[in-house]
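Engineer: 3D, please:
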Amino acid sequence: MIGYITLGTNNIDKAAEFYDTLLGEMGAKRMMEADTFIAWNTGPGQPGVSIIKPNDGNAATVGNGVMVAIACDKPETVDKMYKKAIELGAKDEGPAGPRGDSFYAGYFRDIDGNKLNFFCMT
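Structural biologist: Alright, predicted model coming up:
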């Protein structure tokens with residue numbers, strides 16, 4: 001199972017502000033950080049999301065076809081989190097709503113262009 005996801009950033013301070021606010025809506029807090037890396041989760045043993053300046057010194061770029069899906073408990077939480085991401089400057093990649101009979105998700109790109117979604121099974 002997934003332990004954590006790492007997303008590249010070219011502006012760690014701006015990305016940290018975005019994720020502190022966005023993931024804070026779910027109760028996530030910083031669990032680890034250094035000059036070039038910050039990770040959040042909702043508690044010990046829970047999966048995490050992290051940002052990093054690439055170790056090789058090159059610019060962070062978006063992976064084509066790569067997406068991070070963050071689980072939520074219910075559609076209302078998906079709606080809330082998707083809306084918050086957009087308020088914080090994320091770009092819409094598919095508004096929150098049902099996808100098929102039992103999947104509910106909202107897709108967006110963060111301020112660095114990384115694609116994510118908030119989802120739940122209904």
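Engineer: so how far is M67 from the residue of the chain most remote from its centre?
Structural biologist: In terms of distance from the mean C-alpha position of the chain, D101 ranks first, at 24.3 Å (Cα atoms, centre = their mean). To M67, D101 is 21 Å away according to Cβ to Cβ, to the nearest Å. (Each C-beta comes from the backbone N, C-alpha and C, glycine too.)
Engineer: which of the residues in stretch 114-122 are buried?
Structural biologist: N114, K115, L116, N117, F118, F119, C120 (16 or more other Cβ atoms under 10 Å).
Engineer: ugh, wrong one, stretch 32-49
Structural biologist: Under 16+ other Cβ under 10 Å, the buried positions of stretch 32-49 are I38, A39, W40, N41, G48, V49.
Engineer: could you dump those residues into CSV and include secondary structure, distance to Y19 and pLDDT?
Structural biologist: Shown next, in CSV, are the buried residues of stretch 32-49 (DSSP: H, G, I helix; E, B strand; the rest coil; distance: Cβ to Cβ, whole Å; pLDDT from 0 to 100):
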residue, secondary structure, distance to Y19, pLDDT
I38, strand, 7, 98
A39, strand, 10, 97
W40, strand, 6, 98
N41, strand, 11, 97
G48, strand, 11, 96
V49, strand, 7, 96
